[in-house]
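>>> coords below, sequence missing:
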């Protein structure tokens, strides 16, 4: 019996990880400079990328596939309250996760929620 192993493709974390681990920067000068500045907010612990937060714990960086699961679990999971996108993004950060487009991802996932759309205000 053979199990297939999926290797994750490049995501938003790849350039930062490559810079922090190997020191590889993009060819263009402006891109290299912006990556060096952005990388100051991140650190690698046991092979995982974490983002430093202001007066809070380190936030584990996740890719967009894991982000959808986290949003769904917080929004409509066992303790989910079907709250709005801003509150979901705040709860995600309090839970200790980070990705750059948290609010947009939350908006996208909440628009897919049937029970939220049934009882939403009609403008």
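Cool, the structure landed. Bear in mind that the values here come from a model prediction, so they are computed numbers and not experimental data.
>>> Which residue comes closest to residue 98 once chain neighbours are left out?
Distance criterion C-beta to C-beta, 6 or more residues apart in numbering; nearest residue to residue 98, sequence neighbours excluded, is residue 59 at 3.7 Å. Heads up, the C-betas are built off the backbone N, CA and C, glycines and all.
>>> Not counting sequence-adjacent ones, nearest residue to the residue nearest the centre of the chain?
Averaging the C-alpha coordinates of the chain gives a centre point, and the residue nearest to it by C-alpha atoms, centre = their mean is residue 99 (2.3 Å). Nearest residue to residue 99 in three dimensions, chain neighbours excluded: residue 67, at 5.0 Å (C-beta to C-beta, 6+ apart).
>>> Pull up the gap between the one you found and residue 21, please.
The spacing between residue 67 and residue 21, counted by C-beta to C-beta, to the nearest Å, is 22 Å.
>>> Settle it for me: which of those two has more neighbours?
Comparing residue 67 with residue 21 by other C-beta atoms under 10 Å, the one with more neighbours is residue 67, at 21 against 11.
>>> which element is that one on?
Counting by DSSP states H and E, the element that carries residue 67 is helix 64-76.
>>> Following that helix in sequence, what is the next regular element?
helix 85-95.
>>> got the angle between that next one and helix 64-76?
For helix 85-95 and helix 64-76, the angle between their directions (axes from the mean of the first three to the mean of the last three C-alpha atoms, to 10 degrees) works out to 110 degrees.
>>> Show me what helix 85-95 is packed against.
Under the contact criterion of 3 or more C-beta pairs under 8 Å, 6 or more residues apart in numbering; DSSP states H and E, helix 85-95 touches helix 64-76, helix 102-112.
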